[in-house]
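Q: next come a sequence and a model predicted from it.
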Amino acid sequence: MPPPQFQAWMAQFTQKLGPDPETTKILADTERYAEEKRLEGYKATLEHKDRENERKHIRLVKKMGSESKRTWAVLIASIVAAVVGVFFAVTGKSNLGIPLLVFAGIMIKDLAGKPSSSADTE
């Protein structure tokens, strides 16, 4: 066991090695403040990404809706052209009926060849 003087001296020496309690508190507060600001920045980044993804989603839904309306319009027009083409071909006006049937077939083929996920690409 070391002598009491040595123990007292070691206690004083080790006490002087570290920062005093007030400095330790200031360091801890500074570290906590830095962590809070880092967390706030991360939250702001996530909120920005959420808003951006919401805008992309709304734009995609609008684009898909307008493409759907166009597709329906082309489909109805091609069906009408096919029906009118058959009518003209049956009534003996094949010079009008055949081109309408060909036109309707080309429009339907164009619709069938169009990928359904074309709205995904920007």
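A: Ah, there it is.
Q: does Ile106 sit in a helix or strand, and which one?
A: Using DSSP states H and E, Ile106 sits within helix 94-113.
Q: which strands or helices does that helix pack on?
A: Applying 3 or more CB pairs under 8 Å, 6 or more residues apart in numbering; DSSP states H and E, one finds that helix 94-113 makes contact with helix 21-90. (Glycine included, C-beta is placed from N, CA and C.)
Q: quick check: pLDDT value at Glu67.
A: Reading off the confidence values, Glu67 has pLDDT 80.
Q: that one: how many residues sit nearby?
A: Here the number of neighbours of Glu67 (other CB atoms under 10 Å) works out to 14.
Q: what do you get for the one 10 residues further on?
A: The burial count assigned to Ala77 is 13, neighbours taken as other CB under 10 Å.
Q: now stretch 33-40: buried residues?
A: Within stretch 33-40, no residue qualifies as buried by neighbour count (16 or more other CB atoms under 10 Å).
Q: what does stretch 65-83 give?
A: Within stretch 65-83, the residues that qualify as buried by neighbour count (16+ other CB under 10 Å) are 78, 81-82.
Q: can you lay out these as TSV showing distance to Glu47 and pLDDT?
A: TSV is the format used below for the buried residues of stretch 65-83 (distance: CB to CB, whole Å; pLDDT from 0 to 100):
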residue	distance to Glu47	pLDDT
Ser78	47	88
Ala81	51	89
Ala82	53	89
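Q: avg pLDDT for the helix holding Ile106?
A: Helix 94-113 comes out at a mean pLDDT of 84.
Q: closest to Met10 out of the buried residues of stretch 65-83?
A: Of all the buried residues of stretch 65-83, the one with the least separation from Met10 (CB to CB) is Ser78, at 96.6 Å.
Q: for that closest one, what are its contacts?
A: Contacts here follow CB atoms under 8 Å, 6 or more residues apart in numbering; on that basis Ser78 touches 103-104, 107-108, 111.
Q: let me have the residues you listed in TSV, extended by neighbour count.
A: What follows is these, written out as TSV (neighbours: other CB atoms under 10 Å):
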residue	neighbour count
Phe103	15
Ala104	20
Met107	17
Ile108	16
Leu111	14
